[in-house]
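Enquirer: Structure for the following, please:
(one chain, ligands or ions: 2)
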Amino acid sequence: MNGEWQALLSTGVPPLNRRAARDAYVRLCRLTKPRGSLGRLEAVVVRLAAITGEPLPRVEPASILVFAGDHGVALRGVSAYPPEVTGQMLENFRSGGAAISVLARRLGAELTVVDAGVRKAPAVSGVLRRSLGEGTQDITLGPAMDRATALASIAVGWEVAKEALDRGARLLVPGEMGIGNTTAAAAVASALTGLSPRLLVGRGTGLGQEGLQRKRAAVEAALAANRPDPADALDVLARVGGFELGGIAGAFLAAAFHRRPALVDGFIASAAALLAERLAPGARRFWIAGHRSAERGHRRVLRALRLRPLLELGLRLGEGTGAALALELVSAACTLQREMATFDEAGVSDREESGPG
Ligand SMILES: Cc1cc2ncn([C@H]3O[C@H](COP(=O)(O)O)[C@@H](O)[C@H]3O)c2cc1C
Ligand SMILES: O=C(O)c1cccnc1
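Expert: Ligands and ions are numbered 1, 2, ... in the order given. Have a look, this model is predicted:
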């Protein structure tokens, strides 16, 4: 199970392709527009070129991978919704009624739903069964899972992502579903950054003031009970993480090691990305942050990742929705790079360089 990806991990993250990045930049400068006028869309195109080695990058077909997992801590009143919602949403993802299902349809993107460890998962056809258990253990009492299971969760994400890349996906959008997972994500982020849970715990699905206090206390209790080793990301995942967090981390790693871009969604996906970055330093250069969510700690996690989100729309949903919305822009940036005319082609006068002549 731990074959290809662990061997690859030990080789280090591949380098970015500087030549393709330069070629992409040169073309952007020749397109019929004032130089630099497409702003951050230009930076996105240059980054995609550096990642893929293609000066005219494409992101279609894109593949959205939703990892679902349950959390023992969800029984502690840390979410505004009951834990059974995780399993119930599996059906909704497949039948097309979830937000991410709608966005996937709009984008023409493939949507893969992975049961990474849902409690009493309903038998839903079309959901990949990669279950690592009936939800994690309650992190306020002890570890979420053992180290071998944490490793297996990363392997699940890597393998599902690799399969999508083998089917031809040019960009990955890892998303998640798991009631209680903003609690686990806050604990992971706190352990990895050393920041206080106060700064990282937010209202998730919409907790009130009392619930927020309970959630903060739960994260503090989880960190006190487990004492995760901040220098050992796998230990952090095993002690205070979740199956879907491991899955997402594995998917991000697979993207980086296969030189494909991945878009980072909200708070939970970002915490998983931070785990992945700690496992393979430099992998972050293969990811583009899609959206900054309304969740309290997201800004700080993005800062730790040194990623600047494309959008800030106040979403607080997860599933990959913020990243999927950003994909519309990323896709537009690529189409502009491919289809705009150059000054030469259009017979438009380029800017006059300073100096004589
Ligand atoms: C119907 C429904 C659909 C969702 N889709 C994503 N989430 C989001 O909410 C959960 C995290 O918030 P918390 O930590 O407060 O439980 C995750 O499942 C996340 O994906 C949903 C939540 C609900 C209720
Ligand atoms: O930022 C997120 O991913 C998020 C925030 C609240 C609830 N669910 C997800």
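Enquirer: what about whichever residue of the stretch 251-357 of the chain sits closest to ligand 1, neighbour count?
Expert: Nearest residue of the stretch 251-357 of the chain to ligand 1, counting by C-beta to the nearest ligand atom: Gly318, 3.0 Å away. Just so you know, the C-beta spots here come from the backbone N, C-alpha and C atoms, and that holds for glycine as well. For Gly318, the count of nearby residues is 28 (other C-beta atoms under 10 Å).
Enquirer: my guess is it meets Asp265, correct?
Expert: Yes. Using C-beta atoms under 8 Å, Gly318 is in contact with Asp265, at 6.4 Å.
Enquirer: Enumerate the residues of the stretch 51-200 of the chain near ligand 1.
Expert: Taking C-beta under 6 Å from any ligand atom as the contact definition, the stretch 51-200 of the chain meets ligand 1 at 79-81, 85, 89, 176-183.
Enquirer: rerun that using 5 Å as the cut-off
Expert: Along the stretch 51-200 of the chain, the residues adjacent to ligand 1 under the rule C-beta under 5 Å from any ligand atom are Ser79, Tyr81, Val85, Met177, Gly178, Ile179, Gly180, Asn181, Thr182.
Enquirer: Just flag the most distant two among these.
Expert: Val85 and Thr182 (13.4 Å; C-beta to C-beta).
Enquirer: Comparing those two, which residue is more hemmed in?
Expert: More crowded of Val85 and Thr182, by other C-beta under 10 Å: Thr182, with 32 against 17.
Enquirer: What residues does the residue in the chain that ligand 2 sits nearest to make contact with?
Expert: In the chain, the residue that lies nearest ligand 2 is Gly266 (2.3 Å; C-beta to the nearest ligand atom). Gly266 is in contact with His291, Ser293, Glu295, His298, Leu315, Arg316, Leu317, Gly318, Thr321, Gly322, counting by C-beta atoms under 8 Å, 6 or more residues apart in numbering.
Enquirer: Tell me which residues touch the residue lying closest to it once chain neighbours are set aside, please.
Expert: Spatial nearest neighbour of Gly266, excluding adjacent residues (C-beta to C-beta, 6 or more residues apart in numbering): Ser293 at 3.7 Å. Neighbour list for Ser293: Asp265, Gly266, Phe267, Gly314, Leu315, Arg316, Leu317, Gly318, Gly322 [criterion: C-beta under 8 Å, 6+ apart].
Enquirer: Just the buried residues out of the residues you listed, in ChimeraX syntax.
Expert: Command for ChimeraX that selects the buried part of those, burial taken from 16 or more other C-beta atoms under 10 Å:
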select :265,266,267,315,316,317,318,322
